[in-house]
Structures are given as structure tokens and as C-alpha cells.
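Participant: 3D, please:
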Amino acid sequence: MLQQIAESLGLRYFLVSYSDLLGTSRSKLIPAAAIEEVCKQGAPFAGFATWLNLTPADPDVFAVPDPNSLIQLPWKPEVGWLAADLWMDGQPLAQAPRNVLRKSIAKAAERGYEMRTGVECEFFLLSPDGQSIGDRFDDQQKPCYDQQALVRQYDLISTICDALTQLGWEPYQNDHEDANGQFEINWKYCEALQTADRQTFFKFLVKSLAEQHGLRATFMPKPFSKLTGNGCHIHVSIWDRAQGGNLFHDARDDLGLSQLAYEFLGGVLHSAEGLSAIVNPTVNSYRRLHARGTSSGATWSPNTISYAGNNRTHMIRIPGGGRFELRLADGAASPYVMAAALLEAGLSGIDHHRHPGPPLVTNAYVDHLPEGLRSLPDNLLDSLRALQADAILTAGLGREFTESFLKLKQAEWRDYSSHVSRWETEHTLDC
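Facilitator: Numbers count the residues shown, from 1 in each chain. This is a model prediction of the structure:
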């Protein structure tokens with residue numbers, strides 16, 4: 001089938017791609033004439049060579065492409081990109097991120113549910129060395145929606161948006177975000193696996209097109225201490241697989257949410273500390289969550305485990321009926337595991353009827369907050385410990401994934417902790 005598609009689209013090669021546990025995309029370039037065999041057998045990879053918690057003694061992993069994920073590269077139309085599922089010894093590799101999401105989706109499908117998601121991927125455009133903002137004139141104190149800075153990057157931003165239109169993603173807005181050099185491009189929500197594939201490809205597309213324009217794009221959570229960080233806000237709703245209706249919508253509710261939606265949301269709040277390890281998976285992630293302040297006056301990232309109506313100071317915002325927005329996630333999160341963890345936490349909330357209580361109406365950045373309100377983890381180590389203790393997420397994501405993820409991330413924390421920073425030298429050299 002793919003060989004015929006290749007002929008009709010003029011494809012000469014396919015990138016058969018998978019994401020490892022640290023979110024790095026790995027690929028092999030497959031000639032179109034060989035793609036049918038790869039679809040049957042998979043493309044072999046040495047698993048130890050990527051972040052999959054395997055050893056050199058383990059057999060090859062095979063990346064089996066999903067034909068439904070095919071994307072023709074807009075900037076290199078002779079190449080098609082394919083998301084792949086990893087197999088080893090004739091079984092799906094349990095810790096592979098796309099396999100983790102597939103399993104969670106299947107669990108929801110058994111109940112008649114389909115999760116749909118939309119993501120807001122923020123990114124910076126930097127100089128090629130990554131050390132400074134790519135536009136030296138982009139220096140306003142409050143640069144959000146800056147028309148002049150947006151139009152100075154028109155050639156690149158419009159090229160990205162045109163590519164998304166060409167791909168049928170239905171992009172609907174492009175804007176300069178709250179930090180100097182920061183942008184966001186939005187496209188229409190869809191089924192969770194499709195969104196995760198598209199988000200993975202989007203990062204590849206943005207980085208590739210930025211390079212062509214002499215810039216470097218980064219989704220790093222907090223590249224600059226005084227500027228707003230890169231969030232990846234994700235909008236979530238549950239739909240009836242058979243009838244197609246939005247099960248989160250209830251026009252009779254003040255916020256437009258159903259009882260099912262509140263219970264799902266309650267599950268997300270219940271597992272928020274452990275969830276943070278998944279959606280804020282790097283040391284740098286906590287620079288964004290616990291920033292003291294930015295040059296624009298607000299971090300736009302949450303600190304408390306709370307929800308509200310159309311209020312951007314809380315972890316979860318209800319911008320309108322039928323969905324909620326998780327503002328916790330950042331640009332380092334795996335698109336696949338982020339969606340899977342949200343789904344597992346939400347399904348548990350439904351199972352245990354975890355109503356989140358009334359929404360807060362406070363400004364969480366400055367107002368006095370209710371006694372007993374939980375705070376988000378202060379650092380990666382705290383969030384990893386919370387994930388390890390969260391029976392819902394560890395069971396839902398699976399033992400193989402959880403153990404592998406924790407092993408790699410705990411090693412990352414130890415590596416970070418072994419480094420002496422410039423701050424430490426400046427403050428303690430003469431102690």
C-alpha cells in the first residue's frame with residue numbers, strides 16, 4: 001500500500017521514526033522500493049544505542065511504521081515521515097512511548113471513550129549558537145503579541161503555517177508569545193494518538209525550517225532565567241466513540257462541564273505530583289514552574305495543584321464548555337506519554353468519582369490561597385519520587401515503562417547534582 005502511495009505522491013524515501021524515553025526522535029531513511037518489506041518486518045535498530053533502557057546484549061528492536069501516520073515533508077516533498085511502533089522478540093516493547101499511549105487508548109476504548117487533545121507548542125527562535133534571541137530588535141518588556149516582532153519573522157512563521165495548512169492540520173492562529181523571541185502556532189485538536197504524532201512531527205518541522213532561515217528553534221522549558229518559559233498547554237476532552245458526542249460538555253453547568261469531566265479532572269488533580277514527572281521531565285522544567293518572575297511581569301506557569309474557570313494562574317483552566325486546559329506541561333514532555341498519563345489519571349478519577357470541588361477564583365500568583373492547597377514539586381527529584389509512589393500512574397503506564405523512565409531520569413538527576421554551578425562558586429568560594 002505505501003509503495004503505491006509513494007508512487008502517487010512522488011516519494012523517494014520514508015523516514016521511519018520513533019521517540020525514545022527521553023523524547024529524542026530516531027529514524028532510518030528507507031527507500032520507497034523497500035518500504036513494503038519494512039512494514040511487514042519493521043526496521044531494525046540496536047535498542048541500547050538509544051534511550052530505551054536496553055543493553056548491548058538485547059536483541060534488535062523493530063520499528064514497524066503506522067501507515068495512518070504518513071506525513072509528506074513540506075520542505076522536502078520526496079520524503080515521507082512515518083511514526084513507528086517498536087517491537088522486540090515478537091512483542092510490543094512495553095516501555096516505548098507510542099506503545100504506552102496505544103495501551104491507554106485501548107483501555108479507554110473498552111469503555112466507549114475516545115480522548116481528543118489539542119496542544120499549544122511554544123518555542124523560541126534563537127541565534128544559530130543558541131545563546132541569544134534570533135531577532136536583536138525583539139526587546140520589549142512586554143513583547144506578547146508584538147506586531148512588529150511577529151512580522152519581522154513573517155517569512156519563517158508563514159512558511160510553518162502554510163506547511164500545516166498543506167498537511168490538512170487546520171492551523172488557526174500564529175502569535176508572538178510572552179517572551180522575547182518566543183512564538184506559538186496553533187492547529188485544530190484531534191484524536192490523542194494523532195495529536196501526539198503531529199506534535200512530534202511539528203517539533204521536527206519547526207527546527208528544520210528555522211535552520212533553513214539561519215535560526216535555531218528550541219522547545220526547552222526555560223532557556224533564559226528572566227524570560228517566560230516554553231509551555232505546552234494541552235486541551236483535553238472525552239468523546240463517545242460510537243455516537244461521536246462530547247462527553248465533557250454540559251450546557252447546564254456554569255463552566256460547561258459534565259459530571260464525567262469533573263471526575264476526570266479530579267483524577268488529574270489527584271495524581272498531579274506524579275504527573276509532573278511526566279509532563280515536566282527535565283531539571284530545567286522546574287526553572288519554569290518555580291520562576292521568581294520574568295521581565296514581562298508573570299511566569300504564566302502554575303505553582304499550585306488547583307483549577308479555575310478562565311483564569312491562567314492555576315494548573316488547570318476551563319476556557320469554555322466541553323474541555324479543560326492543563327497548563328502544567330512544558331516543551332520537553334513526550335507527546336505520547338503526556339497523553340497516556342493524563343488519560344490514566346483521568347480514567348482513575350472517573351472510576352473513583354473524584355470530584356475536584358469548586359473552582360478557585362483567586363489570582364494564584366498573589367492572593368491568599370485556601371489552607372491545605374497542595375504545591376507542585378520543587379524539582380525533578382521530588383516529582384520522580386512522587387511518580388514512584390503513585391500507584392495509579394505506575395500501574396497505568398506499566399511497570400516496564402515506569403522502571404525504565406525512573407532509572408534514566410534518576411541518573412539524569414545524579415549527573416546534574418554532580419556538577420558545580422557558577423552560582424555556587426560565586427556564593428561559596430570565600431566561605
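
Participant: Walk me through the domains of this structure.
Facilitator: Following automatic domain parsing, one gets these domains for the chain: 2-93, 103-425.

Participant: which residues touch the residue nearest to Leu126 when sequence neighbours are not counted?
Facilitator: Nearest residue to Leu126 in three dimensions, chain neighbours excluded: Arg216, at 4.6 Å (CB to CB, 6 or more residues apart in numbering). Any C-beta I mention is one placed from the backbone N, CA and C, and that applies to glycine too. Neighbouring residues of Arg216 by CB atoms under 8 Å, 6 or more residues apart in numbering: 125-130, 134, 207, 210.

Participant: same deal with Gly293?
Facilitator: By CB under 8 Å, 6+ apart, the contact list for Gly293 reads Thr299.

Participant: Now do it, the pLDDT please.
Facilitator: Gly293 is assigned a pLDDT of 75 by the prediction.

Participant: Now stretch 11-21: average pLDDT?
Facilitator: Averaging pLDDT along stretch 11-21 gives 98.

Participant: any idea how far it is from the chain center?
Facilitator: A distance of 19 Å separates the centroid of the chain from that of stretch 11-21, by CA atoms, centre = their mean, to the nearest Å.

Participant: quick one: buried residues of it?
Facilitator: Going by neighbour count (16 or more other CB atoms under 10 Å), the buried part of stretch 11-21 is 11, 13-21.

Participant: before we move on, what about stretch 47-66?
Facilitator: So, applying 16+ other CB under 10 Å, buried residues of stretch 47-66: 47, 50-54, 61-66.

Participant: Then stretch 107-114?
Facilitator: Across stretch 107-114, burial judged by 16+ other CB under 10 Å covers 108, 113-114.

Participant: can you put the domains of the chain in TSV and add distance to Cys431?
Facilitator: Shown next, in TSV, are the domains of the chain (distance: least, CB to CB, whole Å):
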stretch	distance to Cys431
domain 2-93	36
domain 103-425	10
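
Participant: For Gln140, state which of the buried residues of stretch 11-21 is nearest.
Facilitator: Among these, Ser19 lies closest to Gln140 (CB to CB), at 35.5 Å.

Participant: burial of Gln41, as a residue count?
Facilitator: Other residues within reach of Gln41, judged by other CB atoms under 10 Å, total 11.

Participant: That one contacts Asp60, doesn't it?
Facilitator: No - contact criterion CB atoms under 8 Å: Gln41 and Asp60 do not qualify, at 10.5 Å.

Participant: for the chain, longest strand please?
Facilitator: In the chain, assigned by DSSP state E, the strand with the most residues is strand 113-126.

Participant: Helix or strand: which one has the nearest residue to Leu22 once chain neighbours are set aside?
Facilitator: Sequence neighbours aside, Trp51 is the residue nearest to Leu22 in space, at 4.3 Å (criterion: CB to CB, 6+ apart). If you go by DSSP states H and E, Trp51 is not part of any helix or strand.
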